[in-house]
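Novice: the following comprises the amino acid sequence and a computationally predicted model.
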Amino acid sequence: MMSELLHNWADSILGLFASYRPGEGMKYQAIEAKCGRTFGKERLEYLFVYYNLLENSLLEQKDNYFVTLTDKGFEYINSDERGKIDIYFEFVKPLSKDRDEMFANLWHLIGKKDNCLCYVDGPTFFNSISVFLPILGSYSEYMKELHEKTGNNSRISWYKDLFYKLPKESVEPFLEKLSELYGHLEYNENGTKEGDVESIDFFENNTKQDMTKKKNKIFISHCGKDKVAVGSLVDLLGEVIHLSGDNLFCSSVHGFDVMLGKNFMDNIMEQYKENNLLVLYVLSFNYMDSPICLNEMGASWMTKTDSIGILLPGFDIDDLGNSCYDKQSISVIFKQEVKEVKHRLNQLKETVEALFPNSKTAINWSRWEEKRDEFIDKVMALPFGFKASDSEVTTDTPDLKAEPKASISSSVYYKGKGSYEITFTNLGNGTAEELLIGFDDVDGIFLMMDKDLFPIEILKPGRSFQIHAMMTEGAPHKMMSHVKWKEGEVQFEEDELVLFNH
């Protein structure tokens, strides 16, 4: 339910328009003089509510900072009952300078139940942010694990911890998801207030609906050179669920691979589009040396797909370098003690069973432990490569036909009122040198590029930069970007269609 504080701010701002008709208004400076001349957290609250009134179309701000009352705003003011205002937490981002300030502002808005604009309880926050992080299990399971590990279930502590783990590109999508799920908790159809058990169940069910519209499927992302270990993994999964081409995609195992006549990369993209995937990364030095594998990892990261890493013997977290894999996520690491490897494989079993409740086998724990231990022994017995030492690194002349180690991709995020942010990210494991970005000229699309960013000298793996775009009404929704970069003496080029989605 909307807090009294939020209502008071909305009433203070809209009250200035009490004598106005739709289309009539005042300069923004007049609103600022009456309501906006506050400091610190009060100014944050004022600006947050003001932007939400604009987004709810209760007010409309013209380019010359003239603010008018809308038909919807007129109805809100003259209604006998307090109207509902949809909340958009995305406005926390432009009101903040950095990640620290952003979380501080967000916590001020959502953290304290009796003294904030928009209180957000633990389940709502967890289910909003876990979509963008490799967290397995439910809110209650996460709370239990957190308590066992740290003994500290303080909301501000774990809210902040998860928020700081968000990739930069996921911050705004997370705020959008938080806005969506916060709306579910104001009142459900039975009139249950936020925080009640029934409301939390209602929320969790609605959260899961988005995930269950598509079929659940496991995608094993791996290098073909590790296919023996991958085959053993598929055999182990077969002990947990009944495997078929409908619930598993693995290119190295017959029956679960690409259909004859289909392009491999097109097939992978179909998997992301048509299924709710759990990606199992089988990670090794072979994987990190494969551009195709790194592209798969990048696609999983960009689509916010749930994932678990299985790090083969000889390979450790530090060997992931600056890849987009989340090193803080729960992973099966064969370099760790056998006891820990067994524990993580048990978690994998429970995760897979939860994804496919109607496809479970009748395996008991005794048999599972036997098959799990056999899998560990098989993997540990396989020969695996190790990272070359500095003395083994050669200085051969570069192969002019080599595949690029950098892989530049763009994503477009809606910011509001025709404003977009284009994020270019290096998804590869190599540094792009002398990076240049160009765009086709399109009427009605204006790019705001920081002059210090062009030309860009280097873009390291996992790093990104943004370009802001404004679209006028009636402008096309797509344009071409042209990326050029060098790796040593070799030059690469990529063209990409940039789509602006509403």
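Specialist: Arrived safely, thanks for sending.
Novice: need the next SSE after the helix or strand of the chain with the lowest mean pLDDT, C-terminal direction.
Specialist: Within the chain, no helix or strand scores below helix 197-212, which has a mean of 39 by mean pLDDT, DSSP states H and E. Per DSSP states H and E, the first helix or strand lying C-terminal to helix 197-212 is strand 215-221.
Novice: buried set for that next one?
Specialist: Neighbour counts using 16 or more other CB atoms under 10 Å place Asn216, Lys217, Ile218, Phe219, Ile220, Ser221 of strand 215-221 among the buried residues. Backbone N, C-alpha and C define where each C-beta goes, glycine included.
Novice: and what of stretch 485-495?
Specialist: Trp485, Lys486, Glu487, Val490, Phe492.
Novice: contacts for that stretch next, please.
Specialist: The contact list for stretch 485-495 (CB atoms under 8 Å, 6 or more residues apart in numbering) reads 398-400, 402, 404-406, 408, 430-436, 459, 480-484.
Novice: again with stretch 290-299
Specialist: 221-223, 265, 268-269, 272, 279, 281, 287-288, 305, 323-325, 403-405, 407, 409, 425, 427-429.
Novice: again with stretch 130-140
Specialist: 122-123, 126-127, 142, 145, 162, 165-167, 170, 173-174, 177, 204, 304, 306-308, 326, 329-330, 347, 351, 354.
Novice: ChimeraX command for the buried members of the residues you listed?
Specialist: Restricted to buried positions by 16+ other CB under 10 Å, the ChimeraX selection for the contacts of stretch 130-140 reads:
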select :122,123,126,127,142,162,165,166,167,170,173,174,177,204,304,306,307,308,326,329,330,351
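Novice: and the buried residues of stretch 485-495, which of them are in strands?
Specialist: Counted as lying in strands by DSSP state E, out of those, are Trp485, Lys486, Glu487, Val490, Phe492.
Novice: I'd like the distance between the second one and Leu436.
Specialist: Separation of Lys486 from Leu436 (CB to CB, to the nearest Å) stands at 10 Å.
Novice: can you check the last one too?
Specialist: Counting by CB to CB, the gap between Phe492 and Leu436 amounts to 11 Å.
Novice: next: the fourth one.
Specialist: Taking CB to CB as the criterion, Val490 is separated from Leu436 by 15 Å.
Novice: Gly438: which element?
Specialist: strand 432-439.
Novice: quick check, Tyr50 in contact with Leu14.
Specialist: No - counting by CB atoms under 8 Å, Tyr50 sits too far from Leu14 to count as a contact (10.2 Å).
Novice: joint contacts of those two?
Specialist: Leu59.
Novice: quick one: the strands in the stretch 301-450 of the chain?
Specialist: 306-311, 331-333, 408-416, 419-426, 432-439, 445-448 (DSSP state E, counting those that start in this stretch).
Novice: quick one on the thing from earlier: what's the ChimeraX syntax to select whichever of the contacts of stretch 485-495 are buried?
Specialist: This is how ChimeraX selects the buried members of those, with burial counted by 16+ other CB under 10 Å:
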select :404,405,406,408,430,431,432,433,435,459,481,483,484
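Novice: show the contacting residues for Glu180.
Specialist: Contacts of Glu180 (CB under 8 Å, 6+ apart): Ser128.
Novice: without its sequence neighbours, what residue ends up closest to Asn275?
Specialist: Spatial nearest neighbour of Asn275, excluding adjacent residues (CB to CB, 6 or more residues apart in numbering): Lys217 at 4.0 Å.
Novice: surely the one you found meets Glu270?
Specialist: No - with contact defined as CB under 8 Å, Lys217 does not reach Glu270; the gap is 11.0 Å.
Novice: before we move on, the earlier item: for the ones in strands among the buried residues of stretch 485-495, name the two members farthest from one another.
Specialist: The largest separation in those, counting by CB to CB, is between Trp485 and Val490 at 9.7 Å.
Novice: count the neighbours of Glu473 for me.
Specialist: When neighbours are counted by other CB atoms under 10 Å, Glu473 registers 6.
Novice: mind checking the SS state of it?
Specialist: coil (DSSP: H, G, I helix; E, B strand; the rest coil).
Novice: which ones are touching it?
Specialist: Gly418, Gly444.
Novice: per-residue pLDDT, it?
Specialist: pLDDT recorded at Glu473 is 74.
Novice: distance check, it against Asp443.
Specialist: 12 Å.
Novice: and for Leu6?
Specialist: Taking CB to CB, one finds Leu6 at 41 Å from Asp443.
Novice: who has more neighbours, those two?
Specialist: More crowded of Leu6 and Asp443, by other CB under 10 Å: Leu6, with 21 against 9.
Novice: what residues are up against the closest residue to the more buried one other than its chain neighbours?
Specialist: In this structure, Leu6 finds its nearest non-sequential neighbour in Leu117, 4.6 Å apart by CB to CB, 6+ apart. With contact taken as CB under 8 Å, 6+ apart, Leu117 is in contact with Ser3, Leu5, Leu6, Trp9, Glu45, Phe48, Val49, Leu109, Ile110.
Novice: of all the residues you listed, which two lie farthest apart?
Specialist: Trp9 and Ile110 (15.1 Å).
Novice: nearest to Lys72 among the buried residues of strand 215-221?
Specialist: For the buried residues of strand 215-221, the nearest to Lys72 is Asn216 (40.5 Å; CB to CB).
Novice: I'd say the closest one and Leu248 touch.
Specialist: No - the pair Asn216 / Leu248 is not scored as a contact, 10.4 Å apart, by CB under 8 Å.
Novice: okay, helices next: where are they in the stretch 151-300 of the chain?
Specialist: 155-165, 171-186, 197-212, 227-238, 264-274, 285-288, 291-302 (DSSP state H, counting those that start in this stretch).
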